[in-house]
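structure of the sequence below:
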Amino acid sequence: DVVKLDRSCTAAVVDEDRARNVAAGTVAAAERLGLGVVADGVETHRQAEVLGRMGYRYAQGYLYSPALPSEDLATLALRPAVPL
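Residues are numbered from 1 along each chain as shown. From the prediction side, this is the model:
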């Protein structure tokens, strides 16, 4: 149901044309197939901005939260969502 953009591509999306092309192609292909898409490993606001302009609406990574123990998940889930 969802295609995930690998963190190695996310890390390079700001500086490398090839990574931007892969990211843009991934979101375009997912849309044509009726699949959702999420960017993994988003660590900077600039990465989130670039990906958001490409059509990514969901992301995960340290920009939003480090990995948490399961007992802390409820606290995170209650925070307002941050759009890309």
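
what about residue 29, which helix or strand?
Assigned by DSSP states H and E, residue 29 belongs to helix 17-33.

what is that helix packed up against?
Identification of packing neighbours for helix 17-33 by 3 or more CB pairs under 8 Å, 6 or more residues apart in numbering; DSSP states H and E yields strand 2-5, helix 7-12, strand 36-40, helix 45-54. Every C-beta, even on glycine, is put in place using the N, C-alpha and C of the backbone.

most packed of these?
Among these, strand 36-40 has the highest mean neighbour count (mean count of other CB atoms under 10 Å), at a mean of 19.

what's that strand in contact with?
Strand 36-40 has contacts (CB atoms under 8 Å, 6 or more residues apart in numbering) with 1-7, 10, 23, 26-27, 30-31, 47, 51, 55-61, 84.

which residue of the protein lies farthest from its centroid?
residue 71 (23.9 Å; CA atoms, centre = their mean).

distance of that one from residue 61?
To residue 61, residue 71 is 21 Å away according to CB to CB, to the nearest Å.

distance of the most centrally placed residue in the chain relative to residue 70?
Nearest residue to the geometric centre of the chain (CA atoms, centre = their mean): residue 39, 2.2 Å. Here residue 39 is placed at a distance of 23 Å from residue 70 (CB to CB).

same check, this time on residue 63
Residue 63 is 21 Å from residue 70, by CB to CB.

the two: who's more crowded?
In this view residue 63 and residue 70 are compared by other CB atoms under 10 Å, and residue 63 has more residues nearby, 16 against 6.

give the contact list for that one.
By CB under 8 Å, 6+ apart, the neighbours of residue 63 are 42, 43, 44, 45, 47, 48.

where does the chain dip in pLDDT?
Residue ranges of the chain with pLDDT under 70: 76-77, 79-84.

give me the neighbour count for the closest residue to residue 7 other than its chain neighbours.
Spatially, and ignoring its direct neighbours in sequence, residue 7 is nearest to residue 41 (2.6 Å; CB to CB, 6 or more residues apart in numbering). By the criterion of other CB under 10 Å, residue 41 has 19 neighbours.

what do you get for residue 26?
21.

that one against residue 10, yeah?
No. Using CB atoms under 8 Å, residue 26 makes no contact with residue 10, being 10.6 Å away.
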